[in-house]
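Asker: Prediction below, plus the sequence it came from.
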Amino acid sequence: MRIGELAERAGVSRDTLRFYERTGLIEGDRLPNGYRDFPPETVAWLDYIRTARTLGFTLAEIARHGAELRDAPDSAEALSALFEEKIRIVDERMASLAALRTELTARVGTGCPLRAAGRGA
């Protein structure tokens, strides 16, 4: 299918599809007239990409793991491992943000909140 039809079916812009093609997330053949031609399963793959992005995966992570997940004999197991790794990363970020919140809270009302904590003027 051509890029316009794919964009309409997948609910993304042509520019998004061109970007995904440049970065290797999707592949299309070039017809003799120069038009792009994408296989029908690209629509499902684009839905997968959208869902993965919603779950916090970057395009780089999707590109890195996409082919192995599509071709994995037990993709549910492979996906679960990726989810567990993403949960670990989220937990680390939450801990970091909690520490930052504590630091900011300690500086509220100190007169000069940009001085190192615990040091005088």
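Answerer: Thanks, I have the structure now. Quantities reported herein were computed from a predicted structural model and do not represent experimental measurements.
Asker: going forward, measure contacts between C-alpha atoms and count neighbours the same way
Answerer: Fine.
Asker: List the buried residues for the lowest-mean-pLDDT helix or strand in the chain?
Answerer: Least confident helix or strand, the chain: helix 59-71 with a mean of 80, by mean pLDDT, DSSP states H and E. Buried residues in helix 59-71, counted by 16 or more other CA atoms under 10 Å: 59, 62, 63, 66, 69.
Asker: I'd like the residues you listed as CSV, with distance to residue 5 appended.
Answerer: Listed next are the buried residues of helix 59-71 as CSV, based on distance: CA to CA, whole Å:
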residue, distance to residue 5
59, 23
62, 23
63, 23
66, 23
69, 26
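Asker: So which of these is the closest to residue 104?
Answerer: residue 59 (32.1 Å; CA to CA).
Asker: Give me the buried positions along the helix or strand hosting residue 16.
Answerer: Assigned by DSSP states H and E, residue 16 falls within helix 14-22. Within helix 14-22, the residues scored as buried using 16+ other CA under 10 Å are 17, 18, 20.
Asker: Give me the packing partners of it, helices and strands only.
Answerer: The contact analysis (3 or more CA pairs under 8 Å, 6 or more residues apart in numbering; DSSP states H and E) places helix 14-22 against helix 3-10.
Asker: what angle sits between the helix it packs on and helix 14-22?
Answerer: 100 degrees (axes from the mean of the first three to the mean of the last three CA atoms, to 10 degrees).
Asker: tell me the mean pLDDT over helix 3-10?
Answerer: In this model, helix 3-10 has a mean pLDDT of 96.
Asker: Likewise for stretch 102-119?
Answerer: On average, stretch 102-119 scores 78.
Asker: longest helix in the chain, by residue count?
Answerer: In the chain, with assignment by DSSP state H, the single longest helix is helix 75-107.
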